[in-house]
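Student: Here's my sequence, what's the structure:
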Amino acid sequence: MIGHWYKQAVVYCVDVDSFQDSDDDGVGDLRGLISRLDHITRLGATCLWLNPIHPSPMRDGGYDVTDFYNVHPRLGTLGDFADLLRACADRGIRVIIDLVVNHTSDRHPWFRSAVADPGSPYRDWYVWSADEPTDRRQGIVFPGEQDETWTWQEEAGAWYYHRFYDCEPDLDIANPKVREEIKRIVGFWAQLGVAGFRVDAAPFVIELTRPDVPDPEEDWAFLTELREHLSWIRGDAVLLAEANVPPDRLVDFFADAGGSDDRMHLLFDFPLNGRLLLALATGESAPVTELIRNSPQLPGPAQWATFLRLHDEADLSRLEPAQRKAVFAAFAPDESMQLYGRGIRRRMAPMLGGDQQRLRLAYALMLSLRGTPVIRYGEEIGMGEDLRLPGRESIRTPMQWSQHPGAGFSGAPRRGHSPELIRTGPYSYHSVNVTEQRRNPDSLLSFLERAIRMLRECPEVGRGSCRVIDADLPASVLAHRADSPTGAVLFVHNLSDQQVTLDLGLLDGTGPDFGEVFGDRRYQEPEPELSGLELGGYGFRWIRLSRTAA
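Tutor: Numbering: from 1, shown residues only. Next up is the predicted model:
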């Protein structure tokens, strides 16, 4: 099903400037990324997601774009990007890139023209107010880092809106010329060969923001326009939306009111991620099982994108205050580990105290749940964070390849790296790196390579249903199954450190292929009645119930 390739993909997320430096200037680049593609291939990833690669003043990690049709010079050239696409294609890897079109940089030629001349053709590409808005904090996103969302522009003689930082003025999606330009950007990169886009801040892209309108209308039709345009250029290309919105709005990002699947192909599963972290923090499966039972039915070929950690803070805003407090207590007890009052700015390994068994459990559970798994670079080896860095930068440190100076990331002078390497502590590159874990069959890296290979043998996860098993189970145990025309697989995971014995009873769909396919250790082969099923502390078992011939 080439048109639905994303349903069985494994996505690997990379900050190019933090992955591999090829010219020893201290900054990762596209040629360096090309040199490390075999690592991504060996891990089992089939889709490479690149965080912003466009020219930028880098006042917001590259999300403040000054040219949507080029590559930042410090990362390379368009020719280097074309070489990356070819090298990825040779390895069966598709490439998607960030589409950051809610705003531009205030240094973008469009905005500079709009500011300099009221008669500029770009003046109405942005959101302005001649009078001071009554609520200058309208829709603020980064509490503690943002003071306002309306800023006075002296040269223009007007107020401009910026959902994010004041260096990122919002584009006005209501302007047909802006819409056409965004589609032109999408067409440009799709024609070069990218397989899709991660749509940054998707809910804000469709907002028709106006001064003194606290709840602006949303132009859902633009998502349909964008998908139709992309599909016309490249039929198998996908749109992956970042939209952390209330549950009753989730399906709207996939389909219109009539149920037509004509918007996003994938949506990050923020509700599940928050519940996963809560379950790991409390050792109880209920947060996840409740969410699965109450999740909306997705239309057609729509798909969730599942993850443990992404490139931003771990967002707990959809949890209840008491639940959020419990996660903070377990994983971010110090305020320096928290961000915006709603999130955690740490990587997964230190959040779990470096406990390798818990890490394996967490990733086994994430891989087995509904949707397409997304893995952030460095998570496969259990990298840590640097809390001395501001905000989200704490989890954007360079990839740790070896114990050699520069961590194998760069040969630049010792303190010439940007961003800075983790040099001390249990998560320094001396202790945590790819080379050492490659040599160790019991490492986290080796485990994830095996787990992803096994996921390939369980296509039911990406293409089938996800259903909780109704049985009398300990509170710490999550049992669910995935069913599709290819067969059925049972998954059991224990969120506590205590060994348990389960009696699930005979399940529907058991066939001659019944048997265990993966687990945290070797267990006694399960009986078809699934009684007396042992599960170690932080243990897991994947059991094939049946397989159907293609």
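Student: if I pick the closest residue to residue 447 other than its chain neighbours, what's in contact with it?
Tutor: In this structure, residue 447 finds its nearest non-sequential neighbour in residue 360, 5.4 Å apart by Cβ to Cβ, 6 or more residues apart in numbering. The C-beta positions use only the backbone N, C-alpha and C, and glycine is treated the same way. The contact partners of residue 360, by Cβ atoms under 8 Å, 6 or more residues apart in numbering, come to 444, 447, 520, 538, 540.
Student: And those residues, which is closest to residue 283?
Tutor: Set against residue 283, the nearest of the contacts of residue 360 by Cβ to Cβ is residue 538 (9.4 Å).
Student: Now the closest one: phi and psi?
Tutor: For residue 538, the backbone dihedrals (degrees, to the nearest 10) come out as phi 50, psi 30.
Student: before we move on, the earlier item: the residue nearest to residue 447 belongs to a helix?
Tutor: Yes: using DSSP: H, G, I helix; E, B strand; the rest coil, the secondary structure at residue 360 is a helix.
Student: Retrieve the pLDDT associated with it.
Tutor: We have a pLDDT of 98 for residue 360.
Student: sorry, back to before: of the contacts of residue 360, just the buried ones, PyMOL syntax please.
Tutor: Written as a PyMOL command, the selection of buried residues from these, which uses 16 or more other Cβ atoms under 10 Å, is:
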select buried, resi 444+447+520+538+540
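Student: Tell me which two of the contacts of residue 360 sit farthest apart.
Tutor: So, those by Cβ to Cβ: farthest apart are 444 and 540, at 14.7 Å.
Student: Could you list the domains of this structure?
Tutor: 2-102+174-453, 109-161, 462-547 (automatic domain parsing).
Student: Residue 67 is in contact with residue 185, correct?
Tutor: No: look at residue 185 against residue 67 with Cβ atoms under 8 Å: they stay out of range, at 10.4 Å.
Student: Among those two, which residue is more densely surrounded?
Tutor: Neighbours per residue (other Cβ atoms under 10 Å) separate residue 185 from residue 67, with residue 185 holding more: 18 against 14.
Student: returning to what we had before: just want to check the distance between the residue nearest to residue 447 and residue 349.
Tutor: 11 Å (Cβ to Cβ, to the nearest Å).
Student: for residue 395, same thing?
Tutor: 11 Å.
Student: Settle it for me: which of these two has more neighbours?
Tutor: residue 395 (28 against 25).
Student: so who does the residue nearest to that one when sequence neighbours are not counted touch?
Tutor: Of all residues not flanking residue 395 in the chain, residue 385 sits nearest, at 4.8 Å (Cβ to Cβ, 6+ apart). By Cβ under 8 Å, 6+ apart, residue 385 lies in contact with 345, 346, 347, 350, 394, 395, 397, 422, 427.
Student: Tally up the residues packed near the fourth one, please.
Tutor: In terms of burial, residue 350 registers 19 neighbours under the definition other Cβ under 10 Å.
Student: mind checking the SS state of it?
Tutor: Going by three-state DSSP: residue 350 is helix.
Student: ok, for it, nearest residue in space, not its chain neighbours?
Tutor: Counting by Cβ to Cβ, 6+ apart, the residue nearest residue 350 is residue 384, at 4.8 Å.
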